[in-house]
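Trainee: test case, fold it:
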Amino acid sequence: MDIRALRSLLAIIETGSLNKAAAQLSVSQPALTKTIQRMESQLGVTLFERDSRGMHPTSHAESFRDYAQAACAGYDRAVAQLKASQSDMRNFVTIAATPLLSSALLPKAVVRVSRQHPEFRIQVESWGQQVLESLVAGKCDIALVPLNEPGQEGLAYRYLLNDQWVVIARPGHPLAKKPQVTVQDLHACGWVYSDRDSFHRRRLQRFFEDAGLTIPPARILSRPPLLQKAFIACSDYLGLVARLSVEAEAKGGQLKIIEIDSPMMVRPVGFVWREKEPLSPAARVLMQTIEQVCRESGYL
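Mentor: Okay, the predicted model is just below:
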């Protein structure tokens, strides 16, 4: 079984169609069919079921999927490293982060590295929850993400800083003037929440449940943080956001931060990379510079 067979499996799972997968791989449909049949013979299982709507992976194909992705990603990275050693790509680094972290933590560091090391080339990607998946797939060299989940095998982690979830209110909100805000005070207010389940909403629910209270019902449902902040700025509603996302508005006087003294509101942030692949000099310098900028900004 070679790398082309693994790519064939992944392409059919992704597209759900033999024709589309063949076009994606630039091979004929009969050739792709033979490849899958050969894999099924080698593995002794049925990988796909076919009906009028297309090709559907069996549980055997799904269980084999992660291994195929890892093998393809490893192969691609090995080829890239071989090419890099011949074309000075050791000075190139791609870093990916969630939208908040990329805008809050990366600009100053990336600009500083580009000025101090003009030989380095830095590519910055801003992705949502797919950051770690993209890292595993070899689409970036470093990820800067919240370290919420248990460590994933094959990845290396390095803690950078603690961000906090904080309550925000308009500056003239009654709670903004109180020297000490209680959980009962927060429970009595109206709230703006995400329109679907989210990490910060689950944290807020746990916070109220620990005090024997239910999470207050949302007065407004809205997911984009920018829109949530706009609703809160012109009402007496409250919201829960990451401190990094609201510091500019707090310093400018548009919003008031109300801190919650609870370990539930602490969110560790850090670097992640593929454990078995050495970091390039550019990657190491960039990580060091990000840490330096965070220290200068008072985040560490």
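
Trainee: for the helix or strand harbouring residue 272, packing partners?
Mentor: Secondary structure from DSSP states H and E places residue 272 in strand 266-274. The criterion is 3 or more CB pairs under 8 Å, 6 or more residues apart in numbering; DSSP states H and E, and the helices and strands that strand 266-274 contacts are helix 131-136, strand 142-146, strand 155-169. (Each C-beta comes from the backbone N, C-alpha and C, glycine too.)

Trainee: 10 Å - rerun?
Mentor: Contact here means 3 or more CB pairs under 10 Å, 6 or more residues apart in numbering; DSSP states H and E; on that basis strand 266-274 packs against helix 59-87, strand 92-97, helix 99-105, helix 131-136, strand 142-146, strand 155-169, helix 199-210, helix 281-296.

Trainee: in the helix-or-strand element of the chain with minimal mean pLDDT, which residues are buried?
Mentor: Lowest by mean pLDDT, DSSP states H and E among the helices and strands of the chain is helix 59-87, with a mean of 78. By neighbour count, and taking 16 or more other CB atoms under 10 Å as the criterion, the buried residues in helix 59-87 are 61, 64-65, 68-70, 72-74, 77.

Trainee: now do it against strand 92-97, angle only.
Mentor: Here helix 59-87 runs at 140 degrees with respect to strand 92-97, directions being taken by axes from the mean of the first three to the mean of the last three CA atoms, to 10 degrees.

Trainee: got the angle for helix 59-87 vs strand 266-274?
Mentor: Here helix 59-87 runs at 70 degrees with respect to strand 266-274, directions being taken by the same axes, to 10 degrees.

Trainee: still on that earlier bit, adding distance to residue 217, write the buried residues of helix 59-87 out as a markdown table.
Mentor: Formatted as a markdown table, the entries for the buried residues of helix 59-87 read as follows, by distance: CB to CB, whole Å:
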| residue | distance to residue 217 |
| --- | --- |
| 61 | 43 |
| 64 | 44 |
| 65 | 40 |
| 68 | 45 |
| 69 | 41 |
| 70 | 43 |
| 72 | 46 |
| 73 | 44 |
| 74 | 48 |
| 77 | 48 |
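
Trainee: which residues does residue 11 contact?
Mentor: Listed by CB atoms under 10 Å, 6 or more residues apart in numbering, the contact set of residue 11 reads 17-18, 20-25, 27, 32.

Trainee: typed the wrong thing, it's residue 67
Mentor: Under the criterion of CB under 10 Å, 6+ apart, the contact list for residue 67 reads 6, 9.
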